[in-house]
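**Student:** below are the sequence and a predicted model for it; my questions follow.
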Amino acid sequence: MPYYIYKIVPGPTALVKNLEQVTSYEVFNDAKKHAREMRAELGTDTNIIVKVIFAATPLEAEDKLQEHREAPILREWEK
């Protein structure tokens, strides 16, 4: 299964995201390197997020990126 790289632009609400598939790689290290380069080019003053996702198809990758995940619960010793 390939690793897909996506640019994520926040939409008008927290539940809506604009996803743009950039490319895909078969090897994680190549995908990670390309994503880091993209993040460096974008800089820190942008609201665009670059993510690497592992999925069988682009449709599955977009489904995973669109799902709402709750923040993890921090235990007292993890703070």
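**Tutor:** That came through fine.
**Student:** in this protein, which spans are strands?
**Tutor:** 3-10, 17-25, 49-54 (DSSP state E).
**Student:** dump the ones you listed into CSV; add mean neighbour count as well.
**Tutor:** Glycine gets a C-beta too; all of them are placed from N, C-alpha and C. Below are the strands of the chain laid out as CSV (neighbours: other CB atoms under 10 Å):
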stretch, mean neighbour count
strand 3-10, 18
strand 17-25, 15
strand 49-54, 17
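**Student:** for these, give me TSV that also has distance to residue 73.
**Tutor:** Converted to TSV, the strands of the chain look like this (distance: least, CB to CB, whole Å):
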stretch	distance to residue 73
strand 3-10	24
strand 17-25	24
strand 49-54	23
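**Student:** which among these is found nearest to residue 66?
**Tutor:** Closest to residue 66 of the strands of the chain, according to CB to CB: strand 17-25, at 6.4 Å.
**Student:** contacting residues around the residue nearest in space to the middle of the chain?
**Tutor:** Nearest to the mean C-alpha position of the chain, by CA atoms, centre = their mean, lies residue 51 at 2.3 Å. Contact partners of residue 51, counting by CB atoms under 8 Å, 6 or more residues apart in numbering, are 5-6, 8, 35, 65.
**Student:** ditto for residue 28
**Tutor:** 3, 52, 54.
**Student:** hey, what's the closest residue to the last one other than its chain neighbours bridged with?
**Tutor:** Nearest residue to residue 54 in three dimensions, chain neighbours excluded: residue 3, at 5.4 Å (CB to CB, 6 or more residues apart in numbering). Each beta-bridge partner of residue 3 is listed here, defined by DSSP bridges: residue 25, residue 54.
**Student:** pLDDT score for residue 3?
**Tutor:** Per-residue pLDDT puts residue 3 at 97.
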